[in-house]
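Peer 1: coords please:
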Amino acid sequence: MSKERPILGSDGQPLPLLPPERDARVWARMVRVMFYTPGFLALLLLKVGEPTGFGISVELFMLASATAIVGGLFIGTQSDGMGADPASRIGTWSGALVLELLAVVPLLCAVPSLFHELATSKLLHSAAPGAVPLALGASQLIPAVAILPFMLYQLAGFGTLHFVVSKTMNWVINLAIFALIVGSNVANRMANYDAEKALVGILVLLLVITVFYGVLKLRQLQELYDTHLPAKAPKRDA
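Peer 2: Residues are numbered from 1 along each chain as shown. You can find the predicted model right below:
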């Protein structure tokens, strides 16, 4: 059986609520997926050669790919052995937060516009003489549905953000992410690329601020936890 964390500190006050222990190996595999997949999609868009129609999807994919490297750096610092400090104890949690917000969210934002442009690209699909254009209709929204289980992941307490902000703020941040993704994709469909860039810029700024706050908050909670952690009782000889 795994040992339960102490809930009361040496001063009798409740200890900070920290995220559960994560398996760094799982997140390391996630780093590889998030590095190669968005990078491949970005190269695909550049190969197609329609940068205007794709809006800033290429930039979003490259952000997701590059952020995966940074997330891997955080995860690689995880240590609970000799010489571990509050920063090294939160390496996996911090890396998870970076991947969740600055890798997964940009990917989810870019995929719907990617699908739309690939499906309607005149460079990829040469129309036969007399062919009638096929309207995709509401089926174009299918890739965008991926944002819903992501919000469930965050709001149901699985995400790292759940442990660094209040429940209300968690809802506000995730609803803002949802609204900005929907708004940017609507702007892309309307060929209003200036509005799309503005909305995506706001989204990325929100994500960066949240990640900075989250990592620093995790470190603060870990320092507070270590400071007030009760001393272990000495083992008695049998």
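Peer 1: Which parts of the protein are helices?
Peer 2: 24-48, 57-76, 86-89, 91-99, 105-120, 147-155, 167-189, 193-228 (DSSP state H).
Peer 1: Would you tell me which of these gets closest to residue 4?
Peer 2: Residue 4 lies closest, by Cβ to Cβ, to one member of the helices of the chain: helix 193-228, at 14.2 Å. In this view, the C-beta of every residue, glycine as well, is placed from N, C-alpha and C.
Peer 1: Just name the most buried of the helices of the chain.
Peer 2: Neighbour counts (mean count of other Cβ atoms under 10 Å) averaged over each of the helices of the chain peak at helix 91-99, with a mean of 26.
Peer 1: Does anything pack onto it? Which helices or strands?
Peer 2: Other elements packing on helix 91-99 under the criterion 3 or more Cβ pairs under 8 Å, 6 or more residues apart in numbering; DSSP states H and E are helix 24-48, helix 57-76, helix 193-228.
Peer 1: one step back: so which of the helices of the chain comes closest to residue 141?
Peer 2: Smallest distance to residue 141 across these (Cβ to Cβ): 7.5 Å, for helix 105-120.
Peer 1: what packs against the closest one?
Peer 2: helix 24-48, helix 57-76, helix 147-155, helix 167-189, helix 193-228.
Peer 1: Columns mean pLDDT and distance to residue 101 on top of the ones you listed, output as TSV?
Peer 2: Shown next, in TSV, are those (pLDDT from 0 to 100; distance: least, Cβ to Cβ, whole Å):
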stretch	mean pLDDT	distance to residue 101
helix 24-48	81	12
helix 57-76	88	9
helix 147-155	91	9
helix 167-189	91	8
helix 193-228	88	5
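Peer 1: Could you save these as JSON lines and add columns showing distance to residue 85?
Peer 2: Formatted as JSON lines, the helices and strands packed on helix 105-120 follow (distance: least, Cβ to Cβ, whole Å):
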{"stretch": "helix 24-48", "distance to residue 85": "17"}
{"stretch": "helix 57-76", "distance to residue 85": "14"}
{"stretch": "helix 147-155", "distance to residue 85": "28"}
{"stretch": "helix 167-189", "distance to residue 85": "28"}
{"stretch": "helix 193-228", "distance to residue 85": "9"}
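Peer 1: Residue 90 is nearest to which of these?
Peer 2: When those are compared by Cβ to Cβ, helix 193-228 sits nearest residue 90, at 4.6 Å.
Peer 1: Now do the contacts for residue 219.
Peer 2: 86, 87, 90 (Cβ atoms under 8 Å, 6 or more residues apart in numbering).
Peer 1: and of these, the nearest to residue 27?
Peer 2: Closest approach to residue 27 among these (Cβ to Cβ): residue 90, at 12.8 Å.
Peer 1: So what's the residue count around the closest one?
Peer 2: Using other Cβ atoms under 10 Å as the criterion, residue 90 is surrounded by 26 other residues.
Peer 1: How confident is the prediction for it, by pLDDT?
Peer 2: Note for residue 90: predicted pLDDT of 84.
Peer 1: Check residue 142 too.
Peer 2: 76.
Peer 1: Verify the stated contact: residue 99 with residue 34.
Peer 2: Yes - under the criterion of Cβ atoms under 8 Å, residue 99 makes contact with residue 34 at 6.1 Å.
Peer 1: shared neighbours, these two?
Peer 2: Shared contacts of residue 99 and residue 34, defined by Cβ under 8 Å, 6+ apart, are found at 67, 68, 71.
Peer 1: Roughly how far does the nearest residue to residue 35 once chain neighbours are set aside sit from residue 164?
Peer 2: Nearest residue to residue 35 in three dimensions, chain neighbours excluded: residue 68, at 4.1 Å (Cβ to Cβ, 6 or more residues apart in numbering). Going from residue 68 to residue 164 by Cβ to Cβ, to the nearest Å gives 21 Å.
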